[in-house]
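Participant: Would you be able to build a 3D model of this:
(one chain, ligands or ions: 1)
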Amino acid sequence: MANFPRAALMASIGCVSLFVGHADAQTAWRAETLLQKMTLEEKLGQLVQRAGGRSKALNSRLDDAELERVRAGQVGSYLHVAGAEPLAKLQKVAVEESRLGIPLLFAMDVVHGYRTIFPVPVAMASTWRPESIEAAARVAAVEASSAGLHWTFAPMIDIARDPRWGRIVEGAGEDPYLGAQLAIAQVRGYQGADLSRPDTIMATAKHFGAYGAAIGGRDYNSADISERTLHEVYLPPFYAAAKAGAASFMSAFNDIGGVPTTANRALARTLLREQWGYQGVLISDWNAIAELLAHGVAADRSAAASLALQASVDMDMVGAIYEQDLKSALEKDPDLVKLLDEAVLRLLHAKEALGLFDRPMQYHDVRREKRSLLAPRHRELARSVARESIVLLKNEGGVLPLRAENLRKLAVVGALASDGLSMLGSWRAQGRAEEVVTILQGFERAAPKGLEIAYAAGADPRNDDTSGIAAAVELVESADATVLVIGEHFDLSGEARSRADIGIPASQLELAREVLATGKPVVVVLANGRPLAMPWLAEHAPAILETWMLGVEAGPAIADVVFGKVSPGGRLPAAFPRASGAVPLFYAGNPTGRPADPDLSKDTARYMDQPITPLFPFGHGLSYTTFDYSNLDIDRERVAADEEVTIAVTVRNSGSVAGDEVVQLYVRDPVASVARPVMELRGFKRVTLSPGEAQRVSFRLNPRQLALFGLDRQWRVEPGRIDVMIGSSSADIRATGAFEISKALVSDVPATAIATAVTVERVASGHE
Ligand code: BGC
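Facilitator: Take a look at the predicted model:
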């Protein structure tokens, strides 16, 4: 690492020590001592996670037989359970009535809120504001821990470049740099600085491997990607999460080139554990150890158990393979005993880190639970994060914002406008539809006196029922303006919700055509879980807001933006294609020998029937104001291995209202030993500027952030020119420059996992 300040680098990737920090000598000794006392059955029991209910019927399986299992030390953890009181009973049995008194771990998918449901993750990623995402995860942890939970299966940090994949809604989109930063933010939010506090919970970085690279965007499908893509694109968020101290990882369901991650020794044991030094818990996904048989890599259950243990999978989620079949694997191969002990120790250390051995009942304070769930300040945060998540895709002729005071009748059209459940997305934890302020209610609440809000459903987003369109059109005709809410019902995105055609569902599109045909002023509010291919809408609707699914405060947040109380400032974390057939489509592609050319008479890397650009590019998002960029400065021409380069630019609000700009820094290595992407995000900052205000935004890069995964599988920084682009989106570059890396070096950190330090300074007026 030559002279480079290693500590600074580790700090920039959010590096904190994991259990080593918590498992001090005394607690490490306690876990070891316990291990010595455990029978084989008790050890196996620690690796077992059972379903205490279903995700939509929590605790429903917690019967007497379960209590008996706990008493017998046959269970290490439950998922799909919740509630300070019911879980207190269960924990008491474990601690007081089992032979060794080892506490249970209670887990749940708290993905974007527990009771206070925040925007779905792809929406929160659209904020491009890690601080907000961390704060949302903090609230989720405060609520979940008050309800007896110790462990969430979040963040989902799979890079997703194919919007056919329904789980794109659960992550941060297509870019590894953005993904890594948002992964760190969520780990920090859930875990805080000290896991043993009663209001923090273990985070799970999931789904380790390349789950998002499923071929054809079909959930659970194989990934077949190059090693370079794996290391440069899919793994960096996991590296960042590991170094940020994520207490657990979950392996992906799918295989990479024929090796299911649940049995991937090279990836899990060698890379994650040995090279990255990860000491946290690795849990399988639901029944994934058993599914090794279906993958065709294990002949029987005992072989599946052996493969997973060898890959260092510590806990078997629900599949009961470790519970029933690991024993026979151990008999066949006594070398596995050592691996079993390691897995048990990692689970005991996790329980130690949570403070469960000393204070097992600290998560079961019923009064705290009551106070914390949906607390007013949690709702407030949900509203502000929802506002920040909204992306203004188009605003022709300044249709938005609507001036409420100039309207007498506003039509709100579209069944999704009154569908509270859809606003919660597919992982709604303990969120309740009746606690959502729907889009319609948001407008009703925000309307000034004298403004009538009238509603028509128009068409059902779940089916082909368009019988309400005529009445909706009549309403639109009678109103001064219309907010048309269309998109995807929540059940069209999420797990196992892949779509081959990612257009706007037919009934929704028909409604839009009819409403827009009236020629009256219409604002389209999209509610959906994935980038959509919507060329007709993009051309014909004058104003489009992408709002995804915004959680309990969806309505107020949307009304705030539509009525101009705040200017939208969200940005797309994944591109919108022009057609389903154009995916995967992402900005950071390689140049190819025949770069795409609009001239169809040339043979280039493009489709014949489509423009080469996305409908809306990565990083895109408009505002009610405008921003000027000026004075790009790069503080040195040549950068040595132990140096950093600072790239600064001045951004000024040149419009007449306050607004947020997301300043984006992209780089390109134009000549290298392997083709490099045409541009790659390496820094961003969302700034708030009042009219006329200017700020100087400075990004500090170090050469390791330009490392590529070399032909020799080393992270290599190659000497030569690096192009720099700063702008308002990947397709709206406002300033360019270059610097040179003067010397080659070898790094040991995935380039996109390293955070770029950003500073912001106000520029005195007249000095920009
Ligand atoms: C999903 C995981 C989830 C688990 C438990 C699986 O089907 O892939 O993301 O954490 O179920 O609910």
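
Participant: Local confidence estimate at the residue positioned nearest the centre of the chain?
Facilitator: The centroid of the chain falls nearest to residue 171 when counting by C-alpha atoms, centre = their mean (2.8 Å). In the prediction, the pLDDT value recorded for residue 171 is 98.

Participant: and it, what does it touch?
Facilitator: The neighbours of residue 171, taking C-beta atoms under 8 Å, 6 or more residues apart in numbering as the test, are 121, 122, 125, 155, 156, 157, 158, 159, 160, 179, 212. All C-beta atoms are positioned from the backbone trio N, CA, C, and that covers glycine.

Participant: I figured the last one was touching residue 164, is that so?
Facilitator: No: the pair residue 212 / residue 164 is not scored as a contact, 11.4 Å apart, by C-beta atoms under 8 Å.

Participant: between the two, which one's more packed in?
Facilitator: residue 212 (28 against 23; other C-beta atoms under 10 Å).

Participant: Assign the nearest residue to that one once chain neighbours are set aside to helix, strand or coil.
Facilitator: Leaving aside its sequence neighbours, residue 212 sits nearest to residue 158 (C-beta to C-beta, 6 or more residues apart in numbering; 3.6 Å). Secondary structure, DSSP: H, G, I helix; E, B strand; the rest coil: residue 158 is coil.

Participant: give the contact list for the residue of the stretch 1-150 of the chain found nearest the ligand.
Facilitator: The ligand sits closest to residue 109 of the stretch 1-150 of the chain, with a gap of 4.7 Å, by C-beta to the nearest ligand atom. Residue 109 makes contact with 55, 79, 152, 153, 154, 427, 429, according to C-beta under 8 Å, 6+ apart.

Participant: Now with 6 Å, please.
Facilitator: Applying C-beta atoms under 6 Å, 6 or more residues apart in numbering to residue 109 gives the contacts 153, 427.

Participant: Need the per-residue pLDDT for the closest residue to the ligand within the stretch 201-350 of the chain.
Facilitator: Of all residues in the stretch 201-350 of the chain, residue 286 sits closest to the ligand, at 4.0 Å by C-beta to the nearest ligand atom. If you check residue 286, the pLDDT there is 98.

Participant: cool, and residue 641?
Facilitator: Reported pLDDT for residue 641: 86.

Participant: before we move on, what about residue 27?
Facilitator: Residue 27 is assigned 71 on the pLDDT scale.

Participant: swap in residue 765?
Facilitator: For residue 765, the model assigns a pLDDT of 72.

Participant: again, but for residue 554
Facilitator: For residue 554, pLDDT reads 98.

Participant: After the helix or strand harbouring residue 309, which helix or strand is next? Please name it.
Facilitator: Per DSSP states H and E, residue 309 falls inside helix 301-310. Toward the C-terminal end, the helix or strand that comes next after helix 301-310 (DSSP H and E) is strand 316-317.

Participant: tell me the average confidence for that next one?
Facilitator: Rounded mean pLDDT across strand 316-317 is 98.

Participant: hey, what's the residue lying closest to residue 623 once chain neighbours are set aside bridged with?
Facilitator: Residue nearest to residue 623 in three dimensions, not counting chain neighbours: residue 659, with 4.3 Å by C-beta to C-beta, 6+ apart. Listed beta-bridge partners, residue 659: residue 689 (assigned using DSSP bridges).

Participant: What are the neighbouring residues in contact with residue 659?
Facilitator: 567, 623, 624, 625.

Participant: could you redo the last one with a cut-off of 8 Å?
Facilitator: With C-beta under 8 Å, 6+ apart, residue 659 has these contacts: 567, 569, 623, 624, 625, 627, 653, 688, 689.

Participant: ok, now residue 476?
Facilitator: 411, 413, 482, 515, 518, 520, 522.

Participant: Can you give me the domain assignment for the protein?
Facilitator: The record's domain parsing of the chain by automatic domain parsing lists 17-369, 385-582, 627-763.

Participant: how far out from the middle of the chain is the first one?
Facilitator: Taking C-alpha atoms, centre = their mean, to the nearest Å, one finds domain 17-369 lying 16 Å from the centre of the chain it belongs to.

Participant: Could you list the low-pLDDT ranges of the stretch 151-300 of the chain?
Facilitator: In the prediction, the stretch 151-300 of the chain carries no residues with pLDDT under 70.

Participant: Could you say which helix or strand holds the nearest residue to residue 188 once chain neighbours are set aside?
Facilitator: Once flanking residues are discounted, residue 188 sits nearest to residue 134: 5.2 Å by C-beta to C-beta, 6+ apart. Assessed by DSSP H and E, residue 134 sits inside helix 130-146.

Participant: now check that helix, is it near the ligand?
Facilitator: No: contact of helix 130-146 with the ligand (C-beta under 6 Å from any ligand atom) is absent, the minimum separation being 13.9 Å.

Participant: Give me the distance between the two termini of stretch 277-284.
Facilitator: 19 Å (C-alpha to C-alpha, to the nearest Å).

Participant: what does the protein put close to the ligand?
Facilitator: Counting by C-beta under 6 Å from any ligand atom, the residues of the chain lying close to the ligand are 55, 79, 109, 153, 206, 285, 286, 495.

Participant: count of neighbours near the closest residue to the ligand within the chain?
Facilitator: The nearest approach of the chain to the ligand comes at residue 153, 3.4 Å away (C-beta to the nearest ligand atom). Residue neighbour count, defined by other C-beta under 10 Å, stands at 24 for residue 153.

Participant: can you check the one 4 residues further on too?
Facilitator: For residue 157, the count of nearby residues is 32 (other C-beta under 10 Å).

Participant: so who does it touch?
Facilitator: With C-beta under 8 Å, 6+ apart, residue 157 has these contacts: 171, 172, 179, 180, 182, 183, 186, 205, 206, 237, 238, 241.

Participant: Now, those residues that are in helices?
Facilitator: 179, 180, 182, 183, 186, 237, 238, 241 (DSSP state H).

Participant: ok, the first one touching residue 238?
Facilitator: Put plainly, it is residue 179. No: with contact defined as C-beta under 8 Å, residue 179 does not reach residue 238; the gap is 9.5 Å.

Participant: before we move on, the earlier item: what subset of the ones in helices among the contacts of residue 157 is buried?
Facilitator: 179, 180, 182, 183, 186, 237, 238, 241 (16 or more other C-beta atoms under 10 Å).

Participant: re the thing from before, need the contacts of residue 659 in CSV (columns: distance to residue 300).
Facilitator: Shown next, in CSV, are these (distance: C-beta to C-beta, whole Å):
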residue, distance to residue 300
567, 61
569, 55
623, 60
624, 63
625, 64
627, 62
653, 66
688, 60
689, 63
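
Participant: just the buried members of those residues?
Facilitator: Neighbour counting by 16+ other C-beta under 10 Å classes 567, 569, 623, 624, 625, 627, 653, 689 among the contacts of residue 659 as buried.

Participant: Turn those residues into TSV, columns for secondary structure, distance to residue 488 and pLDDT.
Facilitator: Below are those laid out as TSV (DSSP: H, G, I helix; E, B strand; the rest coil; distance: C-beta to C-beta, whole Å; pLDDT from 0 to 100):
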residue	secondary structure	distance to residue 488	pLDDT
567	coil	26	98
569	coil	24	98
623	coil	26	98
624	coil	26	98
625	coil	30	98
627	strand	31	98
653	strand	34	98
689	strand	34	98
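
Participant: got the contact list for residue 763?
Facilitator: By C-beta under 8 Å, 6+ apart, the contact set of residue 763 is 650, 652, 694, 695, 696.

Participant: Look up which helix or strand the first one falls in, please.
Facilitator: Using DSSP H and E, residue 650 sits within strand 645-653.

Participant: Figure out how far that strand is from the centre of its chain.
Facilitator: Its chain's average C-alpha position is 28 Å from that of strand 645-653, according to C-alpha atoms, centre = their mean.
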